[in-house]
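[1] All I have is the shape, not the residue letters:
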């Protein structure tokens, strides 16, 4: 069993590749929920939805979030009433938020809700929130502490970042299915998807039992660098690194994760950094990491899984 | 000040007429909320919305409910998830339900929510829910007691009606603004719109302080018959009367309301019933009551208001 840790778009793309090369019995995708929030009284889970829609093949490739073939008449009517316009909810997308909110209020876990929705969309692989308990990513900026969506969507990542906090993470347990998986001892590798290290992966790692599990692991952790050629494929990862005075490169990312990652998958564009990362004590695989389409996603997934298997084989020898 | 008691479509049409002939300072529309219900976790107020949309001129004339220019992508996505399809919520219409639900959960009254929404739609006349407390219309049928929307929408009014119950009506107070209006003594007439007597008007009258106010009144109550030529213009009123062994005619409706109504406005088609209604001790005005368009609504409103003024004048002489 391979466990993928995923955030939004980058995570979703690699999850699609992994789902193409591994059967449902061999892949579990664990998704960040630190960016979940309540908006207009609805529980919105942006990363879970991005991964779910992408795995189901109904994602909106134009926007990078939400559903394909989306319409915006709810937002248009909402504007007419002076409602909040800064966070867009599509008419189709709303079905997920309304159903999820209703189910959560009725006492269902986020895991159960997610499973029910994903199955209906035809997703065959296990898709789990990192936790069923709410964890809230907060971004410390020069302008104060901002709720994640305020920073990310309302402020468009403009405020200079000073740090992050994951409210309520200390008491959060992994979702039940993930707890079972951890206890089962069946996990043979973890793949950290090319998602933002600070606001997509860090919230997952902030769940104490997940972090402890990875520290005591008897399997390799491989990560695909979200930074290629000194820039993030999408999102504010590189900007955040610069603001935090970190080296905004694949080598800087490797240093940031340290011993948590055994092997780094980096792009050909960063081949010159292989030695620097190996000198940190990490293994390196250089390959194509730009997931332009599903075929590229599958190829990268195949490379990452083979890399994990190789590192696992070396480990058990 | 004229107070109109209104339910759905018939009520909305006369409300539009009244709003055309009376300034905001002289008209308050009080709407049935016995058909309000929670659906998919959202607070839906069908009659309030029908009256609000119609007063604002954004009502859907094709469906008779909901908003003009509506789309149904939320429902389409909801169906894909196996969600409940029996009650349609349009994409634009959803903005009202989401905003209202959020505001109610935050502790706002239904009156305040309604005022906020109506103002944004450009409605200038006061639009009040009969009560800010929940009252639930239940329909007693041969197949047991049904929640109103189950009877009306899900079962399409097919079950034979035996009676009605308005759960929680005994403890319900009129909405604050209506309480003030009652205390003010400024009301010069009440117009009961041509809405269903059992499921639109009766829930309003089931609020004890509203019923008591009308019993002790020093102003006339005029009603526009919802039955014309032995049939309801829209909805199940005539079917219900037959099932309840009542005379499904304008005269039967007058008998049903009894002394609560001083004057009946009936259609030319029912002119032959004038004497029968007058023999019950009620005044009668025969006019055009079919509101095919806004001009017809305004003409009927003008007739009803003049009729109320005439009866009020006779009363004070």
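    Cool, got the structure. As the structure is a prediction and not an experimental result, all values here were calculated from the model.

[2] Work out the gap between stretch A:24-36 and the centre of the chain.
    8 Å (C-alpha atoms, centre = their mean, to the nearest Å).

[3] Could you do stretch A:117-127 as well?
    Computed by C-alpha atoms, centre = their mean, the separation of stretch A:117-127 from the middle of its chain amounts to 17 Å.

[4] burial count for the closest residue to residue A:289 other than its chain neighbours?
    For residue A:289, ignoring the flanking residues on the chain, the nearest one in space by C-beta to C-beta, 6 or more residues apart in numbering or on different chains is residue A:267 at 4.2 Å. Every residue, glycine included, has its C-beta placed from N, CA and C. Residue A:267: 21 surrounding residues under other C-beta atoms under 10 Å in any protein chain shown.

[5] Residue A:39 too?
    Neighbours of residue A:39 (other C-beta under 10 Å): 18.

[6] Let me know the secondary structure of residue A:140.
    The three-state assignment at residue A:140 reads strand, by DSSP: H, G, I helix; E, B strand; the rest coil.

[7] what sits opposite it in the beta ladder?
    residue A:145, residue A:163 (DSSP bridges).

[8] could you measure it against residue A:166, distance?
    Residue A:140 sits 12 Å away from residue A:166 when distances are taken as C-beta to C-beta, to the nearest Å.

[9] out of those two, which sits in the more crowded spot?
    When residue A:140 and residue A:166 are compared for neighbours, residue A:166 comes out ahead with 20 against 16, by other C-beta under 10 Å.

[10] Spatially nearest residue to residue A:229 (excluding sequence neighbours)?
    Here the residue nearest residue A:229, using C-beta to C-beta, 6+ apart, is residue A:269, at 4.5 Å.

[11] same thing with residue A:7?
    That would be residue A:200: by C-beta to C-beta, 6+ apart, it lies 2.3 Å from residue A:7.

[12] Would you agree the one you found is in contact with residue A:11?
    Yes - counting by C-beta atoms under 8 Å, residue A:200 touches residue A:11, with 6.5 Å between them.

[13] neighbours around the residue nearest to residue A:229, how many?
    Per other C-beta under 10 Å, the neighbour tally for residue A:269 reads 16.

[14] the strands in the stretch 101-250 of chain A, which residues?
    A:126-129, A:136-141, A:144-147, A:161-167, A:189-192, A:221-224, A:227-228, A:231-232 (DSSP state E, counting those that start in this stretch).

[15] So what's the gap between the second one and the chain middle?
    Remark: strand A:136-141 is offset 17 Å from the chain centroid, using C-alpha atoms, centre = their mean.

[16] For the residue in the stretch 201-317 of chain A positioned nearest to chain B, give me its contacts.
    In the stretch 201-317 of chain A, the residue that lies nearest chain B is residue A:294 (21.6 Å; C-beta to the nearest C-beta). By C-beta atoms under 8 Å, 6 or more residues apart in numbering or on different chains, the residues touching residue A:294 are A:16, A:17, A:20.

[17] rank the strands of the stretch 101-250 of chain A by mean pLDDT and give me the bottom one.
    Confidence, taken as mean pLDDT, is least for strand A:231-232 of the strands of the stretch 101-250 of chain A (a mean of 83).

[18] tell me what that strand is packed against?
    Applying 3 or more C-beta pairs under 8 Å, 6 or more residues apart in numbering or on different chains; DSSP states H and E, one finds that strand A:231-232 contacts helix A:237-243.

[19] How about the residues of the stretch 101-250 of chain A by chain B?
    Contacts of the stretch 101-250 of chain A with chain B, taken as C-beta under 8 Å from any C-beta of the partner chain, map to A:101, A:102, A:105, A:116, A:117, A:120, A:121.

[20] again, only using 10 Å
    Within the stretch 101-250 of chain A, the residues that sit near chain B (C-beta under 10 Å from any C-beta of the partner chain) are A:101, A:102, A:103, A:104, A:105, A:106, A:116, A:117, A:119, A:120, A:121, A:122.

[21] I'd like to know how far the spatially closest residue to residue A:64 that is not a sequence neighbour sits from residue A:232.
    Spatial nearest neighbour of residue A:64, excluding adjacent residues (C-beta to C-beta, 6+ apart): residue A:9 at 5.3 Å. Distance, residue A:9 to residue A:232, using C-beta to C-beta: 10 Å.

[22] how about the spatially most central residue of chain A, phi and psi?
    Against the mean C-alpha coordinate of chain A, by C-alpha atoms, centre = their mean, the closest residue is residue A:7 at 1.3 Å. Dihedral pair for residue A:7: phi -110, psi -120, per degrees, to the nearest 10.

[23] in its sheet, what does the helix or strand bottoming out on mean pLDDT in chain A sit against?
    Every helix and strand in chain A was compared by mean pLDDT, DSSP states H and E; the lowest is strand A:231-232, with a mean of 83. Using DSSP bridges, the strands paired with strand A:231-232 are strand A:227-228 (antiparallel).

[24] Report the separation between the closest residue to residue A:70 other than its chain neighbours and residue B:73.
    Using C-beta to C-beta, 6+ apart and skipping the chain neighbours, the partner closest in space to residue A:70 is residue A:90 (3.7 Å). Applying C-beta to C-beta, the value for residue A:90 to residue B:73 is 8 Å.

[25] what sits in contact with each of the two?
    Common neighbours of residue A:90 and residue B:73 (criterion: C-beta atoms under 10 Å, 6 or more residues apart in numbering or on different chains): A:67, A:69, A:70, A:71, A:72, A:73, A:74, B:91.

[26] So for stretch A:172-189, first residue to last residue, what's the gap.
    23 Å (C-alpha to C-alpha, to the nearest Å).

[27] nope, stretch A:159-175 is what I was after
    Stretch A:159-175 stretches 32 Å from its first residue to its last (C-alpha to C-alpha).

[28] which phi and psi does the residue nearest to residue A:252 when sequence neighbours are not counted have?
    Nearest residue to residue A:252 in three dimensions, chain neighbours excluded: residue A:246, at 5.2 Å (C-beta to C-beta, 6+ apart). Main-chain torsions, residue A:246, degrees, to the nearest 10: phi -100, psi 160.

[29] Residue A:246 is in contact with residue A:254, isn't it?
    No - using C-beta atoms under 10 Å, residue A:246 makes no contact with residue A:254, being 11.1 Å away.

[30] who has more neighbours, these two?
    Neighbour totals were compared for residue A:246 and residue A:254, and residue A:254 leads with 25 against 16 (other C-beta under 10 Å).

[31] tally of neighbours for whatever residue of the stretch 101-250 of chain A ends up closest to chain B?
    The minimum distance from the stretch 101-250 of chain A to chain B, using C-beta to the nearest C-beta, falls at residue A:102 (3.6 Å). The tally of other residues near residue A:102 (other C-beta under 10 Å) stands at 20.

[32] How much space separates it from residue B:41?
    For residue A:102, the distance to residue B:41 - C-beta to C-beta - is 4 Å.
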